[in-house]
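A.B. asks: Fold the following, please.
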Amino acid sequence: STAERAAVRGFANTMWALELYFVIASRDTLGAPVDLVDQNDSVAAFVRRDSVYRFILNKLDAARTDLLAGGGSFPFQLHTGFTGFNTPSTFAQFNRGLHARVASHAASLGIGGTTLYTAALASLGQSFLDASPAADLARGVYHVYSTASGDNLNGVSPQTSPDQLAHPSVETDARPGDTRFAAKTRRLATARTGPQLATFTTIATSLQYTIYPTNTTPIPIIRNEELILLRAEALYFTGNQPGALADINYIRGRHGLAPRGSFTGNADFVDELLYQRRYSLMFEGHRWVDVRRFGRLGTLPLDTPNHIRQPWQPIPQAECDARALIIRRLGAAANQPYTGLAAPSCPAVTTS
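C.D. replies: The predicted structure follows:
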């Protein structure tokens, strides 16, 4: 039916936007392709970071329009990670949460300025954000895992990856009384290093994450606690400091910290926001992106002179090789040098 087709488009375009967000969050200023092309016919252009963010936001907006026209149910079954968000109308709340994340991140990078923060606030109002006294901070959409044939296990659980160790700074940077540190880590009987650090035998930690205790523990895609912190960010940078303070103090109060009275300026607010995001969203894939988008990459610890702070992940060599192959083939087919899009370079790792 017409409604079913709209529901399918809304679902597919939301997930397309989410996957592309993961790409640009990794590649940052390298940009990314946004067009879908037949790999045998051409290669999609790499576009600038700001264009990628705008493409994602437009895709999410179009998806929401389809979801709201998608009727009462999807014509397919969603897995349990979408419990509570498995109809077009409730899935649209998930869509709005993603829109708020992308809009806020773009705004923090200087893309769209306060206009995108205002858009984020509008999306949060249409999402599943709940800051009531007993709100479930874990409510959201999750990746799920199982031992069933053909499924994947949680690859960052201690059951499957015992060397997912926590950096000692997780403890030293935790504020007194913050319950998140104890809730998300455990102390090992003997400090040890992971095998990836075998050449740096002096680097050891006695902490291990406990966030995903089993090999079938779900991993959040987005959840209520992130939405509250996104609202604090958007409120502050649209001039509503009391509202931002209220949301920050809500998160502080839920984790054993006393309320603070005010912010002394933008730097003080960003310090507080990044601390709360670090401990609330620990091991959910945010900290590196957060410190980079606020110009705080230099706050990540370096444990040896050999270590670097990676500003982005390079374009995979296989991607560059495949693009170059297509370009050579198209040129050969035309019996002339191909004058279309050149393959992007594969940037070398930079240091800071």
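
A.B. asks: Tell me where the stretch 151-300 of the chain is predicted with low confidence.
C.D. replies: Along the stretch 151-300 of the chain, segments meeting pLDDT under 70 span 195-202.

A.B. asks: and residue 257, how far is that from residue 43?
C.D. replies: For residue 257, the distance to residue 43 equals 50 Å [CB to CB, to the nearest Å]. Glycine gets a C-beta too; all of them are placed from N, C-alpha and C.

A.B. asks: So which residues of this protein form helices?
C.D. replies: Assigned helices in the chain, in chain order: 2-27, 49-68, 88-108, 114-125, 169-172, 179-184, 224-236, 241-254, 266-280, 287-293, 317-333 (criterion: DSSP state H).

A.B. asks: which other residues reach the longest strand seen in the chain?
C.D. replies: Identified as the longest strand of the chain according to DSSP state E is strand 185-192. Strand 185-192 has contacts (CB atoms under 8 Å, 6 or more residues apart in numbering) with 165, 166, 170, 171, 204, 205, 206, 207, 208, 209, 210.

A.B. asks: Could you identify the buried members of those residues?
C.D. replies: 165, 166, 170, 205, 206, 207, 208, 209, 210 (16 or more other CB atoms under 10 Å).

A.B. asks: Quick check: phi and psi on the last one?
C.D. replies: By that I understand residue 210. Taking degrees, to the nearest 10, you get phi -120, psi 20 for the backbone angles of residue 210.

A.B. asks: gap between it and residue 175?
C.D. replies: 19 Å.

A.B. asks: And for residue 138?
C.D. replies: Distance from residue 138 to residue 175, by CB to CB: 22 Å.

A.B. asks: again, but for residue 157
C.D. replies: Residue 157 is 27 Å from residue 175, by CB to CB.

A.B. asks: ok, those two, which is more surrounded?
C.D. replies: residue 157 (21 against 14; other CB atoms under 10 Å).

A.B. asks: need the contact list for that one.
C.D. replies: 164, 212, 213, 214, 215, 217.

A.B. asks: Check residue 170 too.
C.D. replies: Residue 170 neighbours (CB under 8 Å, 6+ apart): 181, 185, 207, 282.

A.B. asks: now swap in residue 70 and tell me
C.D. replies: Contacts of residue 70 by CB under 8 Å, 6+ apart are 3, 4, 6, 7, 10, 88, 89.

A.B. asks: I'd like the helices of the chain laid out as TSV, including distance to residue 74.
C.D. replies: Formatted as TSV, the helices of the chain follow (distance: least, CB to CB, whole Å):
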stretch	distance to residue 74
helix 2-27	5
helix 49-68	10
helix 88-108	6
helix 114-125	21
helix 169-172	40
helix 179-184	34
helix 224-236	23
helix 241-254	32
helix 266-280	31
helix 287-293	30
helix 317-333	32
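
A.B. asks: And those: which comes nearest residue 37?
C.D. replies: helix 317-333 (9.6 Å; CB to CB).

A.B. asks: and the closest one, which residues are buried?
C.D. replies: 320, 323, 326, 327, 330.

A.B. asks: do stretch 10-24 as well
C.D. replies: Buried-residue list, stretch 10-24, by 16+ other CB under 10 Å: 10, 11, 13, 14, 16, 17, 18, 20, 21, 23, 24.

A.B. asks: tell me how far the ends of stretch 311-323 are from each other?
C.D. replies: 24 Å (CA to CA, to the nearest Å).

A.B. asks: centre of the chain versus it, how much separation?
C.D. replies: 20 Å (CA atoms, centre = their mean, to the nearest Å).

A.B. asks: Could you count how many residues lie near residue 43?
C.D. replies: Residue 43: 23 neighbours (other CB under 10 Å).

A.B. asks: and if you look at residue 232?
C.D. replies: Residues near residue 232, counting by other CB under 10 Å: 26.

A.B. asks: Please apply the same query to residue 259.
C.D. replies: 11.

A.B. asks: mind checking how far it is from residue 245?
C.D. replies: Residue 259 is 8 Å from residue 245, by CB to CB.

A.B. asks: before we move on, what about residue 237?
C.D. replies: For residue 237 relative to residue 245 (CB to CB), the value is 13 Å.

A.B. asks: Which of the contacts of residue 157 has the largest number of neighbours?
C.D. replies: Among the contacts of residue 157, the one with the most neighbours (other CB under 10 Å) is residue 212, at 22 neighbours.

A.B. asks: Just confirm it contacts residue 156, I think it does.
C.D. replies: Yes - if you go by CB atoms under 8 Å, residue 212 and residue 156 touch, sitting 5.8 Å apart.
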